[in-house]
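**Q** Turn this into a structure:
(2 chains)
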Amino acid sequence: MISRELMIIGGGPSGLCAAKTALDAGLSVTIIERSPKLGGQLVKQTHKFFGSKAQYAKTRGFDIAKKLIDDIKDHPNLEILVDTTVVGLYDDLVITTYDQKDYKKYQAKSIIVATGASEKFLAFENNDLPGIYGAGAVQTLMNLYGVLPGQEIVMVGSGNIGLIVSYQLLQAGVKVKAIIEAAPSIGGYKVHASKIRRLGIPIYTQKTIKKAIGKEKLEAIEVVDLDPTWKEIPGTEMTITCDGLCISVGLSPMHQLLSMIQAETKYIPELGGFVPVIDHTHQTTVKGVYACGDAVGIEEASSAMMEGYLSGLYISKNLGKPHPSYDDLKTHYEHQLDMLRDGPFGIKTKIGLEKLRKDDNHAS
Amino acid sequence: MRIEKHPILTFPEREPIFFIFEGQKMQGFKGDTIASALFAQEIKTFSYSIKRKRPRGFYCAIGNCASCNMVVNGIPNVRTCITLLEPDMVIERQVNKGVVK
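**A** Okay, here's the model as predicted:
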């Protein structure tokens, strides 16, 4: 058994920021990341962020990742384990990992679960054909590895990810044939939608995918109109030829590791699905296990970063080594987080958090 | 197919890596994952489903969904979307649950 002080599961924005404040407080930190590189989903985000300067606005996602990594990478008390997957989490703060060669067992003093989110899927005929991807998967393939997903693509879902990835497909030279949206209105920011429409990509609302067509791989899709009660309208079926289909219908928090232990979770639709119950220091109902970022509710990367910084701070205090600027930084980051949630898209998060905290004796 | 021109990103020339896919010699680049190297060669079917042998490709590209699992150097269930390509790797489509030898 290997002993460690703070182990962070997930090297994305939230995990990296938690590492930063924890290291500055004098804690020893181990980051465990299953992919070959740190940075989480920031590394494939070529667009500039919104918000204020303190939240890295006007900076491209991959540059933010670089900055967050540079902030900590030379710290003597930091250990980075990439290509390493956490395969077991236990209530007594034991973690087991697999690094493609060996299984290892660690005993931590505190653990942060910053596992992020996964893309939701959609049920329709032939939805397992090669050529059907999560929108984020296509973003990874193009922006990280420089490989095109196909020639002609249809996007399902008009939230911000659907709109942004459609634009990035165009930048990479792919024809985006349409964005289809089942709801009566476009889900994402108007500024993104307008940009897409100006470039001639139609955004159809109240339309959904009925089935995928193809034998060995995707060749076309059949879409259908929906009435205001979300029922298919017979006779409105239309076939669109394409060799790629992106599914962008939202994200789910990755709570699975927390479900391996006794951490209480609740189903909160506003936060994206099952999320762990956490107290005001981001501690779950299992003492010493914390969670932050998209794993506790789907928001923007900016919020995940602020939650990360805060979690690192809270843990420093709970482990008896409070950060030298604990109070100032806590006030600063809590204020940033409040500001991020003040916008029209933050309302959902606020309602979700309200539900999560309600009749939650642990968090008082 | 690889992106040649991009308004924001640059993809500098990288060291070629040769590997074997289903008995055929192929080329990728250093820094590729197995999945991105195959995709660049227009190979989109990574496995066949266990019961009905339906073709499967990748879905999430971040090591989460298991849709891209393949047999690599004889080891089944390798998540090819987060496993970096290495010289002389032998990559095969997976057609069963995976057998531990």
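**Q** what number of residues lie near the residue lying closest to A:Gly10 once chain neighbours are set aside?
**A** Spatial nearest neighbour of A:Gly10, chain neighbours left out: A:Ala114 (3.8 Å); criterion: Cβ to Cβ, 6 or more residues apart in numbering or on different chains. (Glycine included, C-beta is placed from N, CA and C.) Neighbour count for A:Ala114, taken as other Cβ atoms under 10 Å in any protein chain shown: 33.
**Q** contacting residues around A:Ala114?
**A** The contact partners of A:Ala114, taken as Cβ atoms under 8 Å, 6 or more residues apart in numbering or on different chains, are A:8-10, A:12, A:14-15, A:18, A:291-293, A:295, A:304, A:308, A:311.
**Q** From the residues you listed, which land in strands?
**A** In strands, judged by DSSP state E, the following of those are found: A:8-9, A:291.
**Q** residues from chain B in reach of chain A?
**A** When proximity is defined as Cβ under 8 Å from any Cβ of the partner chain, chain B approaches chain A at B:1-9, B:11, B:31-33, B:35-36, B:39-40, B:44-46, B:49, B:54-65, B:81-84.
**Q** So which elements touch the host helix or strand of A:Lys20?
**A** Using DSSP states H and E, A:Lys20 maps to helix A:13-24. On a contact count with 3 or more Cβ pairs under 8 Å, 6 or more residues apart in numbering or on different chains; DSSP states H and E, helix A:13-24 meets strand A:2-9, strand A:29-32, helix A:61-72, helix A:301-318.
**Q** Who's the closest spatial neighbour of the closest residue to chain B within the stretch 101-250 of chain A, skipping the chain neighbours?
**A** Per Cβ to the nearest Cβ, A:Pro130 is where the stretch 101-250 of chain A lies closest to chain B, at 2.9 Å. If the residues on either side of it in the chain are set aside, A:Pro130 comes closest to B:Gly57, at 2.9 Å by Cβ to Cβ, 6+ apart.
**Q** from what I can see the one you found touches B:Met70, true?
**A** No. Counting by Cβ atoms under 8 Å, B:Gly57 stays clear of B:Met70, with 10.9 Å between them.
**Q** For the residue most central in space within chain B, identify the helix or strand it belongs to.
**A** For chain B, B:Ala35 is the residue whose C-alpha lies nearest the centre (Cα atoms, centre = their mean; 2.8 Å). In this assignment (DSSP H and E), B:Ala35 forms part of helix B:34-40.
**Q** Need the contact partners of that helix.
**A** Contact with helix B:34-40 is made by A:141, A:144-145, A:147, A:149, B:1-2, B:17, B:19, B:21, B:26, B:28-29, B:32, B:44, B:46, B:58, B:61, B:68, B:70, B:72, B:78, B:80-81, B:83-85, B:89, B:91, as judged by Cβ under 8 Å, 6+ apart.
**Q** now swap in stretch A:58-69 and tell me
**A** A:13, A:16-17, A:20, A:38-49, A:56, A:143, A:301, A:305, B:8.
**Q** which of the ones in strands among the contacts of A:Ala114 count as buried?
**A** Neighbour-count burial within the ones in strands among the contacts of A:Ala114 applies to A:8-9, A:291; the criterion is 16 or more other Cβ atoms under 10 Å in any protein chain shown.
**Q** Would you format those residues as TSV with distance to A:Gln256 and pLDDT included?
**A** Converted to TSV, these look like this (distance: Cβ to Cβ, whole Å; pLDDT from 0 to 100):
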residue	distance to A:Gln256	pLDDT
A:Ile8	17	98
A:Ile9	11	98
A:Ala291	12	98
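**Q** how about these in a markdown table, adding distance to A:Gly162?
**A** Conversion of these to a markdown table gives the following (distance: Cβ to Cβ, whole Å):
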| residue | distance to A:Gly162 |
| --- | --- |
| A:Ile8 | 30 |
| A:Ile9 | 28 |
| A:Ala291 | 27 |
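**Q** sorry, back to before: which members of the contacts of helix B:34-40 occur in helices, if any?
**A** Using DSSP state H, the members of the contacts of helix B:34-40 that fall in helices are A:141, A:144-145.
**Q** which of the residues you listed are close to chain B?
**A** A:141, A:144-145.
**Q** So which of the residues you listed wins on neighbours?
**A** Per-residue neighbour counts (other Cβ under 10 Å) across those peak at A:Leu141, which has 26 neighbours.
**Q** That one and A:Ile153 touch, don't they?
**A** No. In this structure, A:Leu141 is not within contact of A:Ile153 by Cβ under 8 Å, at 11.7 Å.
**Q** measure the residue nearest to A:Pro130 to A:Lys355 for me?
**A** For B:Gly57, the distance to A:Lys355 equals 37 Å [Cβ to Cβ, to the nearest Å].
**Q** Mind checking which of those two has more residues around it?
**A** B:Gly57 (23 against 17).
**Q** If we ignore the residues flanking it in sequence, what's nearest A:Ala183?
**A** A:Thr205 (6.5 Å).
**Q** for A:Gln206, same thing?
**A** A:Leu226 (4.7 Å).
**Q** likewise B:Asn69?
**A** The nearest residue in space to B:Asn69 (Cβ to Cβ, 6+ apart) is B:Asn77, at 4.8 Å.
**Q** That neighbour contacts B:Ser67, correct?
**A** No. B:Asn77 lies out of contact with B:Ser67 (Cβ under 8 Å); the separation is 11.7 Å.
**Q** neighbour-wise, which of these two wins?
**A** Neighbours were counted for B:Asn77 and for B:Ser67 using other Cβ under 10 Å; B:Ser67 has more, 22 against 14.
**Q** and the angle for the helix or strand harbouring A:Gln139 with helix A:61-72?
**A** For A:Gln139, the host element (DSSP H and E) is helix A:135-145. Relative orientation of helix A:135-145 and helix A:61-72, computed by axes from the mean of the first three to the mean of the last three Cα atoms, to 10 degrees: 70 degrees.
**Q** What is the subsequent helix or strand relative to helix A:135-145?
**A** strand A:152-156.
**Q** May I have the secondary structure class of A:Asn95?
**A** In this structure residue A:95 is Ile, not Asn. Under the three-state scheme (DSSP: H, G, I helix; E, B strand; the rest coil), A:Ile95 adopts strand.
**Q** which residues touch it?
**A** Taking Cβ under 8 Å, 6+ apart, we find A:Ile95 in contact with A:7, A:9, A:32, A:86, A:88-89, A:105-106, A:108, A:111.
**Q** what mean pLDDT would you report for stretch A:59-69?
**A** Stretch A:59-69 carries an average pLDDT of 95.
**Q** er, stretch A:355-364 actually
**A** Per-residue pLDDT values over stretch A:355-364 give a mean of 62.
**Q** ok, residues contacting the helix or strand bottoming out on mean pLDDT in chain A?
**A** Ranked by mean pLDDT, DSSP states H and E, the weakest helix or strand in chain A is helix A:346-357, scoring a mean of 90. Applying Cβ under 8 Å, 6+ apart, the external contacts of helix A:346-357 come out as A:266, A:268-271, A:275, A:277-278, A:297, A:299, A:303, A:340-341, A:363.
**Q** overlap in contacts of B:Gly57 and B:Met70?
**A** Overlap of the contact sets of B:Gly57 and B:Met70 (by Cβ under 8 Å, 6+ apart) consists of B:Phe46.
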